[in-house]
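Enquirer: My questions are about this predicted structure, shown below with the sequence.
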Amino acid sequence: IHRAFEPDGGLRWFLAAAAAAGFAMLAKGAIGILLPGGALFFYAWSTRQLGRLFRPGWFLPALVVGLGIGASWYLMLGLREGFGFMQDLFWEHHVERFLKPAHSHHKGPFFTYLIVLFVGFQPWSFLLVPSLRRSAWPEPGAGSRLLRLFGIFSVLTLVFFSIAATKLPNYVTPIYPFLALMVAVGLERVVPETPSTGAWRWAGRLTVGGTFFVAAVCFALPFVLPHLPDQVDPKAFKEAPGLAYPLDLGWSILALGSLFALAGAFFVVRGYAARPRELVGPLAGLTLLDLTLVVLGVVPRVDAHFYQPLQRVAQRAATLGPLE
(Lines give C-alpha, C1' and ligand atoms only; values in the text may rest on other atoms or scores of the structure.)
Protein backbone atom coordinates (compact mmCIF):
# COMPACT_ATOMS: atom_id res chain seq x y z
CA ILE A 1 0.00 0.00 0.00
CA HIS A 2 2.78 2.40 0.93
CA ARG A 3 4.61 1.95 -2.38
CA ALA A 4 1.37 2.32 -4.35
CA PHE A 5 0.79 5.82 -2.95
CA GLU A 6 4.38 7.01 -3.31
CA PRO A 7 5.32 9.24 -6.29
CA ASP A 8 7.11 6.33 -7.99
CA GLY A 9 4.31 3.87 -7.18
CA GLY A 10 1.53 2.70 -9.39
CA LEU A 11 -1.26 0.26 -10.07
CA ARG A 12 0.97 -2.81 -9.86
CA TRP A 13 1.77 -2.09 -6.21
CA PHE A 14 -1.89 -1.45 -5.44
CA LEU A 15 -2.88 -4.77 -7.00
CA ALA A 16 -0.13 -6.53 -5.03
CA ALA A 17 -1.57 -5.02 -1.84
CA ALA A 18 -5.05 -6.16 -2.85
CA ALA A 19 -3.75 -9.68 -3.47
CA ALA A 20 -2.07 -9.73 -0.04
CA ALA A 21 -5.36 -8.64 1.57
CA GLY A 22 -7.12 -11.42 -0.33
CA PHE A 23 -4.75 -14.04 1.08
CA ALA A 24 -5.29 -12.52 4.53
CA MET A 25 -9.03 -13.00 4.03
CA LEU A 26 -8.43 -16.65 3.17
CA ALA A 27 -6.45 -17.08 6.40
CA LYS A 28 -8.50 -14.99 8.86
CA GLY A 29 -11.82 -14.19 7.22
CA ALA A 30 -13.27 -10.78 6.45
CA ILE A 31 -10.97 -9.06 8.97
CA GLY A 32 -8.12 -9.72 6.53
CA ILE A 33 -9.57 -7.10 4.19
CA LEU A 34 -11.47 -4.93 6.69
CA LEU A 35 -8.48 -3.70 8.71
CA PRO A 36 -6.06 -3.08 5.81
CA GLY A 37 -8.91 -1.43 3.88
CA GLY A 38 -9.77 0.83 6.80
CA ALA A 39 -6.12 1.79 7.26
CA LEU A 40 -5.84 2.55 3.55
CA PHE A 41 -8.91 4.78 3.63
CA PHE A 42 -7.71 6.86 6.59
CA TYR A 43 -4.19 7.07 5.17
CA ALA A 44 -5.48 8.27 1.80
CA TRP A 45 -7.71 10.78 3.58
CA SER A 46 -4.85 12.08 5.76
CA THR A 47 -2.58 12.49 2.72
CA ARG A 48 -5.35 13.96 0.53
CA GLN A 49 -5.28 11.05 -1.93
CA LEU A 50 -8.86 9.81 -1.68
CA GLY A 51 -9.41 10.70 -5.31
CA ARG A 52 -6.51 8.47 -6.29
CA LEU A 53 -7.81 5.63 -4.13
CA PHE A 54 -11.31 5.62 -5.65
CA ARG A 55 -10.19 6.14 -9.22
CA PRO A 56 -12.11 3.46 -11.21
CA GLY A 57 -8.95 2.29 -12.95
CA TRP A 58 -7.48 1.53 -9.54
CA PHE A 59 -10.31 0.67 -7.18
CA LEU A 60 -12.29 -1.73 -9.36
CA PRO A 61 -9.36 -3.96 -10.47
CA ALA A 62 -8.08 -4.08 -6.88
CA LEU A 63 -11.55 -5.04 -5.64
CA VAL A 64 -11.72 -7.85 -8.19
CA VAL A 65 -8.25 -9.16 -7.25
CA GLY A 66 -8.81 -8.90 -3.47
CA LEU A 67 -12.25 -10.50 -3.41
CA GLY A 68 -11.34 -12.93 -6.18
CA ILE A 69 -8.59 -14.39 -4.03
CA GLY A 70 -10.24 -13.86 -0.65
CA ALA A 71 -13.63 -15.36 -1.57
CA SER A 72 -12.33 -18.15 -3.83
CA TRP A 73 -12.23 -20.93 -1.23
CA TYR A 74 -15.61 -19.96 0.26
CA LEU A 75 -17.15 -19.90 -3.21
CA MET A 76 -15.73 -23.30 -4.21
CA LEU A 77 -16.82 -24.87 -0.93
CA GLY A 78 -20.30 -23.38 -1.31
CA LEU A 79 -20.69 -24.67 -4.84
CA ARG A 80 -19.69 -28.14 -3.71
CA GLU A 81 -21.30 -28.44 -0.26
CA GLY A 82 -23.87 -25.66 -0.23
CA PHE A 83 -23.66 -22.21 1.31
CA GLY A 84 -25.19 -23.09 4.68
CA PHE A 85 -21.76 -22.83 6.32
CA MET A 86 -21.65 -19.10 5.50
CA GLN A 87 -24.05 -18.24 8.32
CA ASP A 88 -21.95 -20.04 10.93
CA LEU A 89 -18.68 -18.74 9.52
CA PHE A 90 -19.51 -15.07 9.14
CA TRP A 91 -22.24 -14.64 11.72
CA GLU A 92 -20.93 -16.80 14.57
CA HIS A 93 -17.20 -16.34 14.03
CA HIS A 94 -17.33 -12.70 12.93
CA VAL A 95 -20.35 -10.81 14.23
CA GLU A 96 -21.10 -12.83 17.37
CA ARG A 97 -17.43 -12.96 18.40
CA PHE A 98 -17.36 -9.19 18.12
CA LEU A 99 -20.58 -8.70 20.12
CA LYS A 100 -20.01 -11.26 22.88
CA PRO A 101 -17.12 -13.43 24.16
CA ALA A 102 -16.73 -16.76 22.41
CA HIS A 103 -15.87 -18.34 25.78
CA SER A 104 -15.89 -17.12 29.38
CA HIS A 105 -12.07 -16.91 29.45
CA HIS A 106 -11.99 -14.91 26.19
CA LYS A 107 -13.16 -11.64 27.69
CA GLY A 108 -11.57 -8.67 29.38
CA PRO A 109 -11.83 -4.89 29.92
CA PHE A 110 -11.31 -2.31 27.20
CA PHE A 111 -7.65 -1.79 28.15
CA THR A 112 -6.78 -5.52 27.97
CA TYR A 113 -4.58 -5.14 24.90
CA LEU A 114 -2.58 -2.28 26.40
CA ILE A 115 -1.44 -4.76 29.05
CA VAL A 116 -0.91 -7.48 26.44
CA LEU A 117 1.26 -5.20 24.29
CA PHE A 118 3.26 -3.94 27.28
CA VAL A 119 4.00 -7.48 28.49
CA GLY A 120 4.50 -8.92 25.01
CA PHE A 121 6.91 -6.17 23.95
CA GLN A 122 9.27 -6.76 26.87
CA PRO A 123 12.14 -6.03 27.30
CA TRP A 124 11.61 -2.99 25.05
CA SER A 125 8.35 -1.70 26.53
CA PHE A 126 9.75 1.08 28.70
CA LEU A 127 11.57 2.58 25.70
CA LEU A 128 8.25 3.10 23.92
CA VAL A 129 7.17 6.30 25.70
CA PRO A 130 10.21 8.44 24.81
CA SER A 131 10.36 6.79 21.36
CA LEU A 132 6.75 7.69 20.57
CA ARG A 133 7.36 11.21 21.84
CA ARG A 134 10.46 11.65 19.68
CA SER A 135 8.79 10.08 16.64
CA ALA A 136 5.56 12.09 16.97
CA TRP A 137 6.91 14.76 14.62
CA PRO A 138 8.73 12.72 11.98
CA GLU A 139 10.90 14.30 9.35
CA PRO A 140 9.40 14.60 5.84
CA GLY A 141 10.04 11.70 3.51
CA ALA A 142 8.95 8.24 2.44
CA GLY A 143 9.97 6.74 5.78
CA SER A 144 7.70 9.10 7.68
CA ARG A 145 4.80 8.33 5.39
CA LEU A 146 5.36 4.60 5.96
CA LEU A 147 5.29 5.18 9.71
CA ARG A 148 2.05 7.12 9.34
CA LEU A 149 0.41 4.30 7.39
CA PHE A 150 1.71 1.67 9.80
CA GLY A 151 0.58 3.79 12.75
CA ILE A 152 -2.94 4.20 11.36
CA PHE A 153 -3.19 0.46 10.80
CA SER A 154 -1.91 -0.29 14.33
CA VAL A 155 -4.24 2.19 16.05
CA LEU A 156 -7.20 0.91 14.03
CA THR A 157 -6.32 -2.68 14.96
CA LEU A 158 -5.97 -1.80 18.64
CA VAL A 159 -9.25 0.11 18.78
CA PHE A 160 -11.19 -2.52 16.82
CA PHE A 161 -10.14 -5.46 18.99
CA SER A 162 -10.41 -3.42 22.20
CA ILE A 163 -14.07 -2.75 21.38
CA ALA A 164 -14.69 -6.40 20.42
CA ALA A 165 -16.06 -8.60 23.20
CA THR A 166 -13.87 -11.61 22.39
CA LYS A 167 -10.26 -10.95 23.36
CA LEU A 168 -7.23 -13.14 22.65
CA PRO A 169 -3.58 -12.02 22.93
CA ASN A 170 -2.71 -13.03 19.38
CA TYR A 171 -5.28 -10.64 17.87
CA VAL A 172 -2.92 -7.65 18.28
CA THR A 173 0.21 -9.41 16.98
CA PRO A 174 0.33 -7.19 13.82
CA ILE A 175 0.98 -4.15 16.05
CA TYR A 176 4.39 -5.34 17.30
CA PRO A 177 6.32 -4.47 14.10
CA PHE A 178 5.07 -0.88 14.35
CA LEU A 179 6.19 -0.64 17.97
CA ALA A 180 9.61 -1.96 16.97
CA LEU A 181 9.88 0.63 14.19
CA MET A 182 8.95 3.43 16.58
CA VAL A 183 11.59 2.40 19.11
CA ALA A 184 14.18 2.15 16.31
CA VAL A 185 13.32 5.63 15.05
CA GLY A 186 13.38 7.09 18.55
CA LEU A 187 16.73 5.55 19.45
CA GLU A 188 18.23 6.50 16.08
CA ARG A 189 17.67 10.16 16.96
CA VAL A 190 19.45 9.92 20.32
CA VAL A 191 23.05 11.16 20.25
CA PRO A 192 25.06 8.09 21.31
CA GLU A 193 27.96 9.91 22.97
CA THR A 194 25.73 12.01 25.25
CA PRO A 195 24.25 10.54 28.47
CA SER A 196 20.49 10.63 28.23
CA THR A 197 18.36 12.92 30.35
CA GLY A 198 14.70 13.20 31.23
CA ALA A 199 12.40 10.60 29.72
CA TRP A 200 15.21 8.60 28.12
CA ARG A 201 17.12 8.27 31.39
CA TRP A 202 13.98 7.06 33.16
CA ALA A 203 13.25 4.69 30.28
CA GLY A 204 16.76 3.24 30.60
CA ARG A 205 16.41 2.80 34.35
CA LEU A 206 13.01 1.17 34.02
CA THR A 207 14.27 -1.13 31.25
CA VAL A 208 17.13 -2.34 33.44
CA GLY A 209 14.81 -2.63 36.45
CA GLY A 210 12.27 -4.46 34.30
CA THR A 211 14.73 -7.26 33.57
CA PHE A 212 15.06 -7.93 37.31
CA PHE A 213 11.27 -7.79 37.71
CA VAL A 214 10.76 -10.38 34.94
CA ALA A 215 13.41 -12.55 36.57
CA ALA A 216 11.63 -12.30 39.93
CA VAL A 217 8.30 -13.28 38.35
CA CYS A 218 9.88 -16.30 36.64
CA PHE A 219 11.47 -17.47 39.90
CA ALA A 220 8.17 -16.99 41.76
CA LEU A 221 5.95 -18.86 39.29
CA PRO A 222 6.98 -22.41 40.38
CA PHE A 223 5.72 -21.54 43.87
CA VAL A 224 2.55 -19.74 42.70
CA LEU A 225 1.24 -21.99 39.92
CA PRO A 226 0.52 -25.04 42.15
CA HIS A 227 -2.02 -22.91 44.05
CA LEU A 228 -3.68 -21.45 40.93
CA PRO A 229 -6.45 -24.09 40.59
CA ASP A 230 -7.72 -23.13 44.06
CA GLN A 231 -8.14 -19.49 42.96
CA VAL A 232 -10.02 -20.18 39.71
CA ASP A 233 -13.79 -20.24 39.47
CA PRO A 234 -14.79 -23.93 39.10
CA LYS A 235 -17.14 -22.93 36.27
CA ALA A 236 -14.07 -22.20 34.13
CA PHE A 237 -12.99 -25.85 34.36
CA LYS A 238 -15.74 -26.82 31.91
CA GLU A 239 -14.27 -24.71 29.10
CA ALA A 240 -10.60 -25.08 30.11
CA PRO A 241 -10.15 -28.35 32.07
CA GLY A 242 -6.40 -27.73 32.28
CA LEU A 243 -7.05 -25.00 34.85
CA ALA A 244 -8.06 -27.68 37.33
CA TYR A 245 -4.52 -29.07 37.44
CA PRO A 246 -1.28 -27.38 38.61
CA LEU A 247 0.86 -26.17 35.71
CA ASP A 248 4.50 -27.30 35.86
CA LEU A 249 6.80 -25.23 33.62
CA GLY A 250 9.89 -27.18 34.66
CA TRP A 251 13.40 -26.00 33.86
CA SER A 252 12.31 -23.55 31.16
CA ILE A 253 10.88 -20.91 33.49
CA LEU A 254 13.93 -21.07 35.78
CA ALA A 255 16.24 -20.73 32.78
CA LEU A 256 14.21 -17.73 31.61
CA GLY A 257 14.48 -16.11 35.03
CA SER A 258 18.23 -16.72 35.13
CA LEU A 259 18.60 -15.18 31.68
CA PHE A 260 16.83 -11.96 32.69
CA ALA A 261 18.69 -11.78 36.02
CA LEU A 262 22.07 -12.09 34.30
CA ALA A 263 21.06 -9.56 31.65
CA GLY A 264 19.98 -7.07 34.32
CA ALA A 265 23.28 -7.49 36.19
CA PHE A 266 25.19 -6.96 32.95
CA PHE A 267 23.23 -3.77 32.18
CA VAL A 268 23.98 -2.40 35.65
CA VAL A 269 27.70 -3.15 35.45
CA ARG A 270 27.97 -1.50 32.03
CA GLY A 271 25.93 1.53 33.09
CA TYR A 272 23.48 1.21 30.20
CA ALA A 273 20.64 2.86 32.13
CA ALA A 274 22.18 6.27 31.37
CA ARG A 275 22.80 5.42 27.70
CA PRO A 276 19.67 3.65 26.35
CA ARG A 277 20.95 3.63 22.77
CA GLU A 278 23.73 1.27 23.84
CA LEU A 279 21.06 -1.12 25.09
CA VAL A 280 20.00 -2.01 21.56
CA GLY A 281 22.53 -4.78 20.90
CA PRO A 282 22.26 -6.46 24.31
CA LEU A 283 18.46 -6.15 24.30
CA ALA A 284 18.33 -7.73 20.83
CA GLY A 285 20.38 -10.66 22.11
CA LEU A 286 18.20 -10.94 25.21
CA THR A 287 15.06 -10.92 23.05
CA LEU A 288 16.40 -13.68 20.80
CA LEU A 289 17.33 -15.91 23.74
CA ASP A 290 14.06 -15.06 25.47
CA LEU A 291 11.99 -16.09 22.46
CA THR A 292 14.04 -19.27 22.03
CA LEU A 293 13.39 -20.35 25.61
CA VAL A 294 9.70 -19.44 25.42
CA VAL A 295 9.10 -21.22 22.10
CA LEU A 296 11.16 -24.31 22.86
CA GLY A 297 10.55 -24.59 26.60
CA VAL A 298 7.53 -22.72 27.96
CA VAL A 299 4.99 -22.97 25.12
CA PRO A 300 5.26 -26.78 24.61
CA ARG A 301 4.68 -27.37 28.33
CA VAL A 302 1.69 -25.01 28.41
CA ASP A 303 0.17 -26.67 25.31
CA ALA A 304 0.75 -30.16 26.71
CA HIS A 305 -0.83 -29.15 30.02
CA PHE A 306 -4.03 -27.74 28.56
CA TYR A 307 -4.43 -30.56 26.03
CA GLN A 308 -3.71 -33.22 28.65
CA PRO A 309 -7.35 -33.61 29.81
CA LEU A 310 -8.45 -34.12 26.20
CA GLN A 311 -5.71 -36.71 25.72
CA ARG A 312 -6.86 -38.53 28.83
CA VAL A 313 -10.42 -38.67 27.50
CA ALA A 314 -9.17 -39.96 24.15
CA GLN A 315 -7.04 -42.63 25.81
CA ARG A 316 -9.98 -43.70 27.97
CA ALA A 317 -12.24 -43.87 24.93
CA ALA A 318 -9.67 -46.01 23.13
CA THR A 319 -9.67 -48.57 25.95
CA LEU A 320 -13.45 -48.88 25.78
CA GLY A 321 -13.36 -49.94 22.15
CA PRO A 322 -15.91 -49.16 19.42
CA LEU A 323 -19.56 -48.71 20.31
CA GLU A 324 -21.89 -51.43 19.09
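Expert: Here it is on my side, so go on.
Enquirer: Quick one: mean pLDDT for stretch 215-234?
Expert: Averaged across stretch 215-234, pLDDT comes to 81.
Enquirer: Could you shift the numbering so residue one becomes 429, and keep it that way?
Expert: All right, first residue 429 from here; so that's stretch 643-662.
Enquirer: List of residues touching that stretch?
Expert: 671-677, 681-682, 684-689, 692 (CB atoms under 8 Å, 6 or more residues apart in numbering). No exception for glycine: its C-beta is placed from N, CA and C like everyone else's.
Enquirer: Would you mark the buried spots in it?
Expert: By 16 or more other CB atoms under 10 Å, the buried positions in stretch 643-662 come out as 643, 646-647, 649, 657.
Enquirer: same deal with stretch 601-617?
Expert: For stretch 601-617, the neighbour count (16+ other CB under 10 Å) marks 602-603, 606-607, 609-611, 613-615 as buried.
Enquirer: out of these, which are inside helices?
Expert: Secondary structure from DSSP state H places 606-607, 609-611, 613-615 of these in helices.
Enquirer: want to throw the buried residues of stretch 643-662 into JSON lines with secondary structure and distance to Arg703?
Expert: Listed next are those as JSON lines, based on DSSP: H, G, I helix; E, B strand; the rest coil; distance: CB to CB, whole Å:
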{"residue": "Ala643", "secondary structure": "helix", "distance to Arg703": "22"}
{"residue": "Cys646", "secondary structure": "helix", "distance to Arg703": "27"}
{"residue": "Phe647", "secondary structure": "helix", "distance to Arg703": "28"}
{"residue": "Leu649", "secondary structure": "helix", "distance to Arg703": "32"}
{"residue": "Pro657", "secondary structure": "helix", "distance to Arg703": "45"}
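Enquirer: SS state for Asp436?
Expert: coil (DSSP: H, G, I helix; E, B strand; the rest coil).
Enquirer: Test for you: state the pLDDT assigned to Asn598.
Expert: Reported pLDDT for Asn598: 83.
Enquirer: tell me, how many neighbours does it end up with?
Expert: Residues near Asn598, counting by other CB atoms under 10 Å, number 8.
Enquirer: gap between it and Phe589?
Expert: Computed with CB to CB, to the nearest Å, the distance linking Asn598 and Phe589 is 10 Å.
Enquirer: likewise Gly637?
Expert: Distance from Gly637 to Phe589, counting by CB to CB: 30 Å.
Enquirer: what about the two, which has more around it?
Expert: Comparing Gly637 with Phe589 by other CB under 10 Å, the one with more neighbours is Phe589, at 20 against 15.
Enquirer: residues contacting the more buried one?
Expert: Taking CB under 8 Å, 6+ apart as the test, what Phe589 contacts is 541, 595, 599-600.
Enquirer: switch to 10 Å and redo it
Expert: By CB atoms under 10 Å, 6 or more residues apart in numbering, the contact set of Phe589 is 459, 463, 526, 540-541, 544, 595-596, 599-600, 603.
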